[in-house]
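In: Pasted the sequence and its predicted model underneath.
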Amino acid sequence: MPAAAVKPVYALVGSDAFLQLQKLSAIVQMAPDAQRIDADGERAELAEVLDELRSFAMFGGRKVVVVQNADAFVTRFREPLEEYVAHPSTEATLVLRMNSLPGTQRIAKAIAKVGEIQDCNPPRDLARWVMDRGPAAHGVTVAPEAARLLAEMIGDDLGRLDNELAKLALSAEPGTGGRPTVRPQDVAAGVAFQREQEMAEMTNAVAAGRPADAVRKWRQMVAADSSAEFRAVTWLTIWLTNVRKALAMRRSGMQPAAITAALRIWPRELAGPFMQTAAAMGEAKANRAIDLLAEVDRQSKSGVGNAADNVERFLLSLAE
């Protein structure tokens, strides 16, 4: 798709980080030579973001400026943002990742006029989403009852649903028509959430200042599952997003048990270590980690270094 098809402004609005990442990836892929710049909406200044949008990319092509946690950014700079959106740069794209954006607001109407507002909330029919996602992303048919069981077990966390589907696809046996099929007994017999638990153990080791343990765990995951290196960025981004959400909830006065329940930290024995990890990282380190992870993703997709090695270097950087 030509770069001209990319619109100047997008708002990715909703609670699901997996959907936001999917749609962000699609936007970036519309301009394959684009230079991506990430900014944290709680810390970024408007002048910095506008300078990036209005200046030329270092190697030519289009710029894609992504503002994470953009609710705070829009609140702080609503009027000047409305002015920018009314006359956006023709050589850059602004992407706002937000939890909510009421359609009655002027900024929402302005974005809809020149760009797109994309819904990133989980669908109501999770089982239908699982059945559609199976063949589209993992080459397997998911039986209706298996899809319902998986949705009931995990809930509306699409990243975890997708990870579990990927694991089930590796061992699915052929069904009607010859395509591998995930059946209810496969879901019931599977080691549910094994990958999430391994990821939690790895990231907890990083936060506890044990980088060697984290790297050893990562190497074990790659050795056991050759697809791990390709899904690691999604896992880590969702985990870091949950860390930031947990810290914000704690600031608002929520109790740890309520926070981990809201974020669906499962199994229960991981709830305590997760909150300890979030506290150990703090907001500043979590924000820096998300920025660095975006660069790791860019390098891996552009062929700069080995994907598994890039993730390993990222894990070591978290312990610095």
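Out: Yes, it's here.

In: buried sites along stretch 20-27?
Out: By 16 or more other C-beta atoms under 10 Å, the buried positions in stretch 20-27 come out as Gln20, Leu21, Gln22, Lys23, Leu24, Ile27. (Each C-beta comes from the backbone N, C-alpha and C, glycine too.)

In: mean confidence score for it?
Out: Averaged across stretch 20-27, pLDDT comes to 93.

In: can you pull the alpha-carbon coordinates of it into PDB?
Out: The C-alpha trace of stretch 20-27 is given here as PDB (Å, rounded to 0.1, in the frame of the first residue of the first chain):
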ATOM      1  CA  GLN A  20      -3.700  -1.200  19.800                       C
ATOM      2  CA  LEU A  21      -0.400  -2.800  18.900                       C
ATOM      3  CA  GLN A  22      -2.000  -4.600  16.000                       C
ATOM      4  CA  LYS A  23      -3.500  -1.500  14.600                       C
ATOM      5  CA  LEU A  24      -0.300   0.500  15.200                       C
ATOM      6  CA  SER A  25       1.700  -2.100  13.300                       C
ATOM      7  CA  ALA A  26      -0.800  -1.900  10.400                       C
ATOM      8  CA  ILE A  27      -0.400   1.900  10.300                       C
END
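
In: circling back to that earlier point, out of the buried residues of stretch 20-27, which are inside helices?
Out: Judged by DSSP state H, the subset of these located in helices is Gln20, Leu21, Gln22, Lys23, Leu24, Ile27.

In: thinking again about what came up before, mind putting the buried residues of stretch 20-27 in TSV, distance to Ser317 included?
Out: Below are the buried residues of stretch 20-27 laid out as TSV (distance: C-beta to C-beta, whole Å):
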residue	distance to Ser317
Gln20	23
Leu21	20
Gln22	25
Lys23	27
Leu24	22
Ile27	26
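
In: Report how many residues lie close to the residue nearest to Tyr10 when sequence neighbours are not counted.
Out: In space, and not counting its chain neighbours, Tyr10 is closest to Val95: 4.8 Å by C-beta to C-beta, 6 or more residues apart in numbering. Counted with other C-beta atoms under 10 Å, the neighbours of Val95 add up to 24.

In: likewise the one 4 residues further on?
Out: Neighbourhood size, Asn99 [other C-beta under 10 Å]: 14.

In: so it sits right up against Gln68, yeah?
Out: No. Under the criterion of C-beta atoms under 8 Å, Asn99 makes no contact with Gln68, lying 11.3 Å away.

In: what's near enough to touch Ala172?
Out: Neighbouring residues of Ala172 by C-beta atoms under 8 Å, 6 or more residues apart in numbering: Val140, Pro180, Thr181, Val182, Asp186.

In: min pLDDT across those residues, which one?
Out: Asp186 (86).

In: which outside residues touch the helix or strand encompassing that residue?
Out: With secondary structure defined by DSSP states H and E, Asp186 is part of helix 184-189. Contact partners of helix 184-189, identified using C-beta under 8 Å, 6+ apart, comprise Ala143, Glu145, Ala146, Leu149, Leu150, Met153, Leu168, Ser171, Ala172.

In: repeat that for 6 Å
Out: Residues outside helix 184-189 that contact it (C-beta atoms under 6 Å, 6 or more residues apart in numbering): Glu145, Ala146, Leu149, Leu150, Leu168.

In: cool, stretch 55-66 as well?
Out: With contacts defined as C-beta under 6 Å, 6+ apart, stretch 55-66 is touched by 3, 28, 31, 33-38, 52-53, 92-95.

In: can you do 10 Å?
Out: 3-4, 6, 8, 10, 12, 20, 24, 27-28, 30-39, 41, 44, 48-54, 89-97, 294 (C-beta atoms under 10 Å, 6 or more residues apart in numbering).

In: Now list the buried members of those residues.
Out: By 16+ other C-beta under 10 Å, the contacts of stretch 55-66 give 6, 8, 10, 12, 20, 24, 27-28, 30-31, 34-39, 41, 44, 49-50, 52-53, 89, 91-97, 294 as buried.

In: Now intersect these with the strands, please.
Out: Residues of the buried ones among the contacts of stretch 55-66 located in strands (DSSP state E): 10, 12, 35-39, 92-97.

In: Pick out the most distant pair among those residues.
Out: The most widely separated members of those, counting by C-beta to C-beta, are Leu12 and Gln35 (19.2 Å).

In: just to revisit the earlier point, narrow the contacts of Ala172 to those in strands?
Out: Within the contacts of Ala172, residues falling in strands by DSSP E are Pro180, Thr181, Val182.

In: got the CA coordinates for stretch 134-154 in CSV?
Out: Below are the C-alpha coordinates for stretch 134-154, written out as CSV (Å, rounded to 0.1, in the frame of the first residue of the first chain):
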residue,chain,number,x,y,z
GLY,A,134,-7.3,-19.1,14.9
PRO,A,135,-7.2,-19.6,11.1
ALA,A,136,-6.2,-16.0,10.3
ALA,A,137,-3.1,-15.9,12.5
HIS,A,138,-2.2,-19.4,13.5
GLY,A,139,-3.5,-21.7,10.7
VAL,A,140,-5.9,-23.7,12.9
THR,A,141,-9.6,-24.2,13.1
VAL,A,142,-11.0,-23.6,16.6
ALA,A,143,-14.1,-25.6,17.5
PRO,A,144,-16.9,-23.4,18.9
GLU,A,145,-16.9,-25.1,22.3
ALA,A,146,-13.1,-24.8,22.5
ALA,A,147,-13.3,-21.1,21.7
ARG,A,148,-15.9,-20.6,24.4
LEU,A,149,-13.8,-22.5,27.0
LEU,A,150,-10.7,-20.6,26.2
ALA,A,151,-12.6,-17.3,26.4
GLU,A,152,-14.0,-18.3,29.8
MET,A,153,-10.6,-19.3,31.1
ILE,A,154,-8.8,-16.2,30.1
